[in-house]
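Colleague: Any chance you can model this:
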Amino acid sequence: MLLRIEIDAIGAVEALDGVGATVTSEGLANAAGAFAIDRILKRTRSGKDVNDNLFAPYSSAYRRKKGGTVNLSNSGAMLESLGYQANSSIEATVTCSSEIAQYHEDGTTKMPQRQFVGLSEKDKEDMIEEIFVRPLKNLIS
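Modeller: Residues are numbered from 1 along each chain as shown. Next comes the predicted model:
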């Protein structure tokens, strides 16, 4: 007795053709840069650092002058200076052109570190899910 199973692979072939048409490395680099900026802004505005910890509080004097919420957006200029450049088909660079940003990133003798530019391992996992895995699943299903 011979068992025979016929498999119609046309759906899989069409899905792979669609992947080739929609997933380019250049598009992924741009998507990664845009994701990074969005994640940094949302996290920072919620008062959390790159490791998802609450920012160190402002000093009493500064809090009286500027307010109590530590979200690094008092004037808006620093967060507005965030940007990215897709440098190649596989890489994007996030930049922050604000001079004040470096003081927050490193801290000073008078100001605690409030690192906000960067992605945690969880952020990187979320980025892969959002810009690659989920679109592929949607394309195939």
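
Colleague: can you tell me the helix or strand for R64?
Modeller: helix 60-66 (DSSP states H and E).

Colleague: Pull that helix out as PDB, backbone CA atoms only.
Modeller: Extracted as PDB, the C-alpha positions of helix 60-66 are listed here (Å, rounded to 0.1, in the frame of the first residue of the first chain):
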ATOM      1  CA  SER A  60      14.500  70.100  46.500                       C
ATOM      2  CA  ALA A  61      15.600  73.400  45.100                       C
ATOM      3  CA  TYR A  62      15.200  72.300  41.500                       C
ATOM      4  CA  ARG A  63      11.900  70.700  42.200                       C
ATOM      5  CA  ARG A  64      10.600  74.000  43.700                       C
ATOM      6  CA  LYS A  65      11.800  75.900  40.600                       C
ATOM      7  CA  LYS A  66      10.800  73.500  37.800                       C
END
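
Colleague: Tell me the first helix or strand C-terminal of it.
Modeller: helix 77-80.

Colleague: And for the helix holding R64, what's in contact with it?
Modeller: Contacting residues not belonging to helix 60-66 are listed as 57-58, 74 [CB atoms under 8 Å, 6 or more residues apart in numbering]. Every C-beta, even on glycine, is put in place using the N, C-alpha and C of the backbone.

Colleague: Stretch 70-89 now?
Modeller: Residues contacting stretch 70-89 (CB under 8 Å, 6+ apart): 24-26, 28-30, 32-34, 36-37, 40-41, 44-47, 54-58, 66-67, 92-98, 100-101, 104, 114, 116-117.
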